[in-house]
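**Q** Kindly return the folded structure for what I paste below:
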Amino acid sequence: MNSEQTPDKKVKILATLGPAIESPAQVRELVKQGANIFRLNFSHGEHQDHAERLDWIRSVEREMNTPIGVLMDLQGPKLRVGNFTEGSVCLEKGQQFRLDLDPTPGNKQRVNLPHPEIIQALKQNMDLLLDDGKLRLRVLQKNDSSILTEVIVGGELSDRKGVNVPEAVLQLSPLTEKDRRDLEFGLQIGVDWVALSFVQRPEDIVEARELIQDRAFLMAKIEKPSAVEHLDEIVELCDAIMVARGDLGVELPAETIPAIQKRIIQTCRHKGRPVVVATQMLESMRFSPAPTRAEVTDVAHAVYEGADAVMLSAETASGDYPVDAVNMMSKIIRNIEADPGYHPQLDINRPQPNATTEDAISCAIRRVCGILDVSVLINFTSSGATGLRAARERPKAPILNLTPNLSTARKLTLVWGIHSVVNPEFAQIGEITPTALEEAKRQGMAQPGDTVIVTAGMPFGQPGSTNMMRIESVC
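**A** Now for the predicted structure:
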């Protein structure tokens, strides 16, 4: 599988598919403009919609001869109030308001809260946030079936608005019955990644792993304060992390999100896990062909901080300018990566290598790239582990992964700097160096006279055995 496009950026773009994309031709255009992996948001749409979009992605993958990853994003437990007799009420600051298990339609004094686990977890003086944080209630007292609150920030509250409980850890699985049905369907149709919503504890990752097994890779979405508290353990247990700034920005003060984002990126890089920055990155491009200056700066900061990928949500799923949004994000990434200060900035937070052969080689590669003008790092890999360790170092040269496994290549579409080529013959190569140099030339990543680095494991083809590095000149 040889790509028809030479990669021109290292940070990847995760684009969400939705009603705005109506054909394989539009998917192809998103890929041409820089999309590397696609998100299917199972909070919306029917199973047949997602299956059709995945078919489009696979047809484009075959047509363009380039691996394309697919991520399914599970909805997770959506906590909501019940309905009101009149459809909505206006809550005033200082008034008391009760939330209870009674399914009767609510009024200005009370409403149904069909989530006993919330009532169980709340304590006096804890806050509830309603309607994406627009309203704030403080717990005065509670019993087994209701909580009495004081309205701290009032406003209109209507049917089925969301509830956030930032100060409590709920005894609640991140996988609802809907999620379990969606997950089984997604695995059947062949998604590459599963994004787990509303992760609170490391145990949530273990529960999801038991269901997924080795059928897909697991991404944890960090959008709860408790997940931030357990960040190190969660990162250790999953394959990738998403900085889901939507709910995170509701449950934590908005001014704390930039520092938390930076901490998550640094933690992921140190542990060698890919990290995606998501939510409202180019939000204004839903309805405008151009972003705001603040949005451009937001994307740029994520790139400077070392994110593996940046994500587009409604911009490509339901916006008026999906192709323009991907094109703009690509241009921002390319401009930052061309900045002479980009790699020195990444080097400031460079993780310390572990005492392993793979890390020693990856660290040496980074040093060589700083001394020599290396065009490309060529890596033979089966599982993708060596590519992940090389990407962790953020070398100046792009990484060309040669793998016999399409599933490995699709996984690595999320990872910084990696461009994969799939060929079953890579499982058994007689002459490693000539094959590597020829493939680099074929991909347009090296020219005669260029210096390249080749890595592989000896004995060849054994996963996790990378122990060889060669510096070669292309003939």
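**Q** shouldn't Leu99 be in contact with Leu79?
**A** No: here Leu99 lies out of contact with Leu79, judged by C-beta atoms under 8 Å, at a distance of 11.1 Å. (Each C-beta comes from the backbone N, C-alpha and C, glycine too.)
**Q** Which one's more surrounded, these two?
**A** Leu99 (27 against 18; other C-beta atoms under 10 Å).
**Q** What is the neighbour count of the closest residue to that one other than its chain neighbours?
**A** Closest residue in space to Leu99, ignoring its immediate chain neighbours: Leu113 at 3.9 Å, by C-beta to C-beta, 6 or more residues apart in numbering. For Leu113, the count of nearby residues is 23 (other C-beta under 10 Å).
**Q** Surely Asn401 is in a strand?
**A** Yes: looking at Asn401 with DSSP: H, G, I helix; E, B strand; the rest coil, it is inside a strand.
**Q** one step back: which residues does the residue nearest to Leu99 contact?
**A** Leu113 makes contacts with Val81, Gly82, Leu99, Asp100, Leu101, Ile119, Ile147, Val163, as judged by C-beta atoms under 8 Å, 6 or more residues apart in numbering.
**Q** Asp102 reaches Asn112, doesn't it?
**A** Yes: counting by C-beta under 8 Å, Asn112 is a contact partner of Asp102 at 5.9 Å.
**Q** How about residues contacting stretch 313-332?
**A** 9, 13, 15-21, 26, 29-30, 33-35, 39, 41, 44, 278-283, 285-291, 296, 299-300, 303, 310, 312.
**Q** Can I get the buried part of those as one PyMOL selection?
**A** A single PyMOL command selects the buried members of the contacts of stretch 313-332 (16 or more other C-beta atoms under 10 Å):
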select buried, resi 9+13+15+16+17+18+20+21+26+29+30+33+34+35+39+41+278+279+280+281+282+283+285+286+291+296+299+300+303+310+312
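**Q** So which of the contacts of stretch 313-332 are in helices?
**A** Gln26, Glu29, Leu30, Gln33, Val296, Val299, Ala300, Val303 (DSSP state H).
**Q** Now do the strands in the stretch 151-300 of the chain.
**A** For the stretch 151-300 of the chain, the strands defined by DSSP state E, counting those that start in this stretch occupy 155-158, 163-164, 193-196, 217-222, 240-244, 275-278.
**Q** how many other residues sit next to Gly319?
**A** Residues within reach of Gly319, counting by other C-beta under 10 Å, total 23.
**Q** Wait, a helix at it?
**A** No: counting by three-state DSSP, Gly319 is not found in a helix; it is coil.
**Q** now it: how far from Leu140?
**A** As judged by C-beta to C-beta, to the nearest Å, Gly319 and Leu140 stand 43 Å apart.
**Q** Residues contacting stretch 47-55, please?
**A** The contact list for stretch 47-55, computed with C-beta under 8 Å, 6+ apart, reads 17, 21, 27, 38, 40, 42, 70, 72, 182, 185-186, 189-191.
**Q** Asp239 and Ala216 touch, don't they?
**A** No: when contacts are counted by C-beta under 8 Å, Asp239 is not listed as touching Ala216 (9.0 Å).
**Q** Pull up the overlap in contacts between the two.
**A** Common neighbours of Asp239 and Ala216 (C-beta under 8 Å, 6+ apart) are Trp193.
**Q** Okay, buried residues for stretch 255-265 please.
**A** Residues of stretch 255-265 classed as buried by neighbour count (16+ other C-beta under 10 Å): Ile260, Gln261, Lys262, Ile264, Ile265.
**Q** hang on, I meant stretch 111-122
**A** Buried residues in stretch 111-122, counted by 16+ other C-beta under 10 Å: Val111, Asn112, Leu113, His115, Ile118, Ile119, Ala121, Leu122.
**Q** of all those residues, which comes closest to Arg269?
**A** Closest to Arg269 out of these is Ala121 (33.2 Å), distances taken as C-beta to C-beta.
**Q** Flag every buried residue along the strand or helix carrying Leu54.
**A** For Leu54, the host element (DSSP states H and E) is helix 47-64. Buried residues in helix 47-64, defined by neighbour count with 16+ other C-beta under 10 Å: His50, Ala51, Arg53, Leu54, Trp56, Ile57, Arg58, Val60, Glu61, Met64.
**Q** Throw those into TSV and include distance to Leu170, thanks.
**A** Shown next, in TSV, are those (distance: C-beta to C-beta, whole Å):
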residue	distance to Leu170
His50	28
Ala51	32
Arg53	32
Leu54	32
Trp56	37
Ile57	35
Arg58	38
Val60	40
Glu61	39
Met64	44
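**Q** Can I get those in JSON lines including pLDDT?
**A** As requested, these are exported to JSON lines (pLDDT from 0 to 100):
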{"residue": "His50", "pLDDT": "98"}
{"residue": "Ala51", "pLDDT": "98"}
{"residue": "Arg53", "pLDDT": "98"}
{"residue": "Leu54", "pLDDT": "98"}
{"residue": "Trp56", "pLDDT": "98"}
{"residue": "Ile57", "pLDDT": "98"}
{"residue": "Arg58", "pLDDT": "98"}
{"residue": "Val60", "pLDDT": "98"}
{"residue": "Glu61", "pLDDT": "98"}
{"residue": "Met64", "pLDDT": "96"}
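**Q** nearest to Glu86, of those residues?
**A** Ranked by distance to Glu86 (C-beta to C-beta), these are led by His50 at 36.5 Å.
**Q** circling back to that earlier point, could you give the backbone dihedrals for the residue nearest to Leu99?
**A** Backbone geometry at Leu113, expressed as degrees, to the nearest 10, gives phi -120, psi 100.
**Q** Please apply the same query to Leu71.
**A** Main-chain dihedrals, Leu71, degrees, to the nearest 10: phi -110, psi 130.
**Q** Can you tell me, leaving aside adjacent residues, what's nearest to it?
**A** Leaving aside its sequence neighbours, Leu71 sits nearest to Trp193 (C-beta to C-beta, 6+ apart; 3.9 Å).
**Q** what pairs with the one you found across the strands?
**A** In this entry, Trp193 is beta-bridged to Leu71, Phe217, by DSSP bridges.
**Q** rewinding a little: list buried residues within the contacts of Leu113.
**A** Neighbour-count burial (16+ other C-beta under 10 Å) applied to those gives Val81, Gly82, Leu99, Asp100, Ile119, Ile147, Val163.
**Q** List the residues that contact the first one.
**A** Residues in contact with Val81, defined by C-beta under 8 Å, 6+ apart, are Leu99, Gly106, Val111, Asn112, Leu113, Leu130, Leu157, Asp159, Arg160, Lys161, Val163.
**Q** One more pass at 6 Å, please.
**A** Contact analysis of Val81 by C-beta atoms under 6 Å, 6 or more residues apart in numbering lists Val111, Leu113, Lys161.
**Q** Go ahead and report the secondary structure state at the nearest residue to it once chain neighbours are set aside.
**A** Spatial nearest neighbour of Val81, excluding adjacent residues (C-beta to C-beta, 6+ apart): Val111 at 5.0 Å. What three-state DSSP gives for Val111 is strand.
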